[in-house]
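Visitor: okay, predicted coordinates and the sequence, questions at the end:
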Amino acid sequence: MTDTATPLGFRVLVALTGRAFLVIGFFARFPLAMLTVGIASFVTDMRAPELGKAAIADGGLVAAAVGIGTAIGAPIGGAIADKRGQLPVLLAGAIGSPALVIALIVLTLQGAPLLAIQTVGFFAGALAPQISAMARARWFALTQSLAPVARQAQRNKAFGYESMVDELGFVFGPVIVGVLAATGLLWLPLALAAVVSFAFTLLFALHRTTALAAAVHADSDVGYARKRSVFLGPSMIIAAAMFFAGVFFGTTLTGTLEFARIELGQASLGSLLYGVMGVTSALSAILSSRLPASVSLLRRWFVFSTIMLLGTAVLPFVNSLPLLVIALLVMGAGQGASLVAYFGVGAQLAPHGRVSLVMTFLGTMVVVGQALATAVAGQLVKATSYHSSYLLTIVAVVALIALGVAVRRPARAAASEHHA
């Protein structure tokens, strides 16, 4: 297949949505990128004077509550978006989630019981706007009218762009958390995330592409697939991959926060180190969108996941800041393009009319994997050292490679149908 749409590049994407959509979508996803890191580090630092090393376990448990809330709320929101449109889902998230994040800050500052903080975190996660998934669903719908070759080429570019922006969130989200927390105002990163989420989620919800994408779905001459086809079909293999991608993030984050607490004296500074991985992740995502279409998504899955494995192999031996930075840079070089591939295969496997649900579900699985891994790794780190968290990172990457093998047959069949 030749990429006939490549000369038009991102101009076609801008023509479909307008430049404002790209700017709004960029800022609207930052709060979610800051949420898990911000909550884990905020709770850890606030409880460290009393609990010491055990505080990281509390931070992980609250982050896990957020992830569980997202696991329940986001797929429900995705299903509603497929049937009723994205607007009501996004409006509820724009108002509810920021308010609950503010409540979480207040409870933590007042020394409230852990269960109360977890409960508020759960509902904040359940209502958290899934901007990345909603944007991908809009791209999928808006490119539906293109010829098959151009359609797939532009979807590859759109998903590559979305993954690039996600990676920029992973870069600057943790960096913003670390920089603001370094001022001594440990609550400030989460407060900023709440304000940004409210403002830009509203703008995203009211953008014209919300109605355009809904119209494309409504004009389709093929009925909606049943919701259970998402949860029983090959999409579940991709969902498992996204879960382990989240485990990759969560265990890397937990190990790095504890490294920073021991070596640098403040867990929040680990957010800056964690952001190092995002630098090469963003570059990797950008470059992957420029690869020729002849390099299949499955091939990208294996090649870049292998690069991730090479980086994680260094983690059990990390005992200095330079060595950790090198490992994170290599890991990011594989992770960015891998995420593009996972989402790309997931879009190909999505049952008709269920793209919003699938994209939301996949994005949710990343959050769930990250949150649960943060909780489990926090307990391991509490009992041993940060190296135990990094060992789980290796397990996650091995699982990603294995799932790539498992999805080969359905992915090739789906790719053939999309190119027909």
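Guide: Structure's in. What do you need? Numbers count the residues shown, from 1 in each chain.

Visitor: from here on, contacts and neighbour counts on C-alpha atoms
Guide: Will do.

Visitor: could you point out the helix or strand that follows the lowest-mean-pLDDT helix or strand in the chain?
Guide: Using mean pLDDT, DSSP states H and E, the weakest-scoring helix or strand in the chain turns out to be helix 228-232, at a mean of 54. Helices and strands here follow DSSP states H and E; after helix 228-232, the next one along the chain is helix 235-263.

Visitor: centre of the chain to whatever helix or strand comes next after that following helix, how far?
Guide: Remark: after helix 235-263, the chain's next helix or strand is helix 270-288, criterion DSSP H and E. A distance of 13 Å separates the C-alpha centroid of helix 270-288 from that of its chain, computed with C-alpha atoms, centre = their mean, to the nearest Å.

Visitor: buried set for helix 270-288?
Guide: Using 16 or more other C-alpha atoms under 10 Å as the test for burial, helix 270-288 gives 270-286, 288.

Visitor: and for stretch 399-407?
Guide: Applying 16+ other C-alpha under 10 Å to stretch 399-407 flags Ala399, Leu400, Ile401, Leu403, Gly404, Val407 as buried.

Visitor: which member of those residues is positioned nearest Phe249?
Guide: Leu400 (12.7 Å; C-alpha to C-alpha).

Visitor: which pLDDT does the model give that closest one?
Guide: With respect to pLDDT, Leu400 scores 96.

Visitor: next up, the contacts around it.
Guide: Ala241, Phe244, Ala245, Ser305 (C-alpha atoms under 8 Å, 6 or more residues apart in numbering).

Visitor: run a quick neighbour tally on the closest residue in space to the third one that isn't next to it in sequence.
Guide: The shortest distance from Ala245 to any non-neighbouring residue, by C-alpha to C-alpha, 6 or more residues apart in numbering, is to Val366 (6.0 Å). The criterion is other C-alpha atoms under 10 Å. On that basis, Val366 has 25 neighbouring residues.

Visitor: right, and Lys382 touches Gly60 too?
Guide: No. Contact criterion C-alpha atoms under 8 Å: Lys382 and Gly60 do not qualify, at 10.8 Å.

Visitor: picking up where we left off before, what strand or helix carries the residue nearest to Ala245?
Guide: Per DSSP H and E: helix 355-383 holds Val366.

Visitor: now that helix: mean pLDDT?
Guide: 79.

Visitor: the next helix or strand after that helix vs helix 235-263, what angle?
Guide: Next along the chain after helix 355-383, taking DSSP H and E as the criterion, comes helix 386-406. Calculated by axes from the mean of the first three to the mean of the last three C-alpha atoms, to 10 degrees, helix 386-406 forms an angle of 160 degrees with helix 235-263.

Visitor: re earlier: out of Lys382 and Gly60, which sits in the more crowded spot?
Guide: A direct count of neighbours by other C-alpha under 10 Å for Lys382 and Gly60 places Gly60 higher, at 30 against 18.

Visitor: I'd guessed the more buried one sits against Phe42; true?
Guide: No. Judged on C-alpha under 8 Å, Gly60 makes no contact with Phe42 at a distance of 10.5 Å.

Visitor: for the strand or helix carrying Arg138, which positions count as buried?
Guide: Using DSSP H and E, Arg138 maps to helix 131-142. Of all the residues in helix 131-142, those buried under the rule 16+ other C-alpha under 10 Å are Ile131, Ser132, Ala133, Met134, Ala135, Arg136, Ala137, Arg138, Trp139, Phe140, Ala141, Leu142.

Visitor: what's the answer for stretch 113-120, then?
Guide: Ile117, Gln118, Thr119, Val120.

Visitor: spatially nearest residue to Val43, not counting backbone neighbours?
Guide: In space, Val43 is closest to Gly59, 4.9 Å off (C-alpha to C-alpha, 6+ apart).

Visitor: contacting residues for that neighbour?
Guide: By C-alpha under 8 Å, 6+ apart, the residues touching Gly59 are Ile39, Ala40, Ser41, Phe42, Val43, Thr44, Ala375, Gly378.

Visitor: tell me the buried residues in the host helix or strand of it?
Guide: Using DSSP H and E, Gly59 falls within helix 55-84. For helix 55-84, a neighbour-count test (16+ other C-alpha under 10 Å) marks 55-83 as buried.

Visitor: now do whichever helix or strand comes after that helix, average pLDDT.
Guide: Later in the chain than helix 55-84, the nearest helix or strand by DSSP H and E is helix 87-109. What helix 87-109 shows for mean pLDDT is 94.

Visitor: re earlier: centre of the chain to the helix holding Val366, how far?
Guide: Remark: helix 355-383 is offset 9 Å from the chain centroid, using C-alpha atoms, centre = their mean.

Visitor: same question for the one helix or strand Arg155 maps to, mean pLDDT?
Guide: Following DSSP H and E, one finds Arg155 within helix 148-181. What helix 148-181 shows for mean pLDDT is 74.

Visitor: list the helices and strands that helix packs on?
Guide: Counting contacts by 3 or more C-alpha pairs under 8 Å, 6 or more residues apart in numbering; DSSP states H and E, helix 148-181 is packed against helix 10-17, helix 30-51, helix 131-142, helix 188-206, helix 270-288, helix 321-349, helix 408-419.

Visitor: and the angle from that helix to helix 270-288?
Guide: Going by the same axes, to 10 degrees, helix 148-181 makes 160 degrees with helix 270-288.

Visitor: distance between the ends of stretch 80-96?
Guide: Stretch 80-96 has an end-to-end distance of 17 Å (C-alpha to C-alpha, to the nearest Å).

Visitor: distance between it and the chain's centre?
Guide: That offset, for stretch 80-96, works out to 19 Å (C-alpha atoms, centre = their mean).

Visitor: again, but for stretch 42-59
Guide: On C-alpha atoms, centre = their mean, the centre of stretch 42-59 falls 25 Å from the chain's centre.

Visitor: cool, thanks, signing off.
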